[in-house]
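Structure for this input, please:
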Amino acid sequence: MAALKVGSKAPEFSLQTVDGKEMSLKDLKGMKVVLYFYPKDNTSGCTKEACAFNENLEVLEKKGAVVIGVSADSVASHKKFADKYSLVFPLLSDEKKEMIKKYGVWKEKSMYGRKYLGIERTTFVIDGRGIITHIFPKVKAAGHVEELLGVLG
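Reported below is the predicted structural model:
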């Protein structure tokens, strides 16, 4: 599959939220979507990123954006993570990694010289017509929300 780029149609998805409901891109038609992929619940960088989104949710919503987090963790893991940090935006579980692969964020990574496959922290901004307007690859959790606010106008 060709890599997604700005101007590409965002791939459709339908995944479970922490409350067991299905959420799809079709449900979000007409809304600006901040779709962020993160490696793992309850890890330091992912917690920092999720809490920053949560703390700035009102400002993001005022700019017309909805925030959605996605990882390969289970719904149960997402629920514990959301409850622990009082996260109020949807977390989607993609245990089969279908959406993660469609969005091209399942990559070879390296830690301490060991290579493995995992999610590369990436954020996509999708407009109300389902078109990708911004892609932030290899996101650093610190300062990312401010970077997003700058492009949301």
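
Tell me what the residue nearest in space to the middle of the chain is bridged to.
For the chain, residue 36 is the residue whose C-alpha lies nearest the centre (C-alpha atoms, centre = their mean; 1.7 Å). Taking DSSP bridges as the rule, residue 36 bridges to residue 69, residue 123.

dump the residue contacts of it.
Residues in contact with residue 36 (C-beta atoms under 8 Å, 6 or more residues apart in numbering) are 49, 53, 67, 68, 69, 70, 121, 122, 123, 124, 139. Heads up, the C-betas are built off the backbone N, CA and C, glycines and all.

My reading is that the third one lies in a helix. Confirm?
No. Assessed by DSSP: H, G, I helix; E, B strand; the rest coil, residue 67 does not belong to a helix; its assignment is strand.

What confidence value was assigned to it?
In this prediction, residue 67 carries a pLDDT score of 96.

Ignoring the adjacent residues along the chain, who's closest to it?
Using C-beta to C-beta, 6 or more residues apart in numbering and skipping the chain neighbours, the partner closest in space to residue 67 is residue 89 (4.3 Å).
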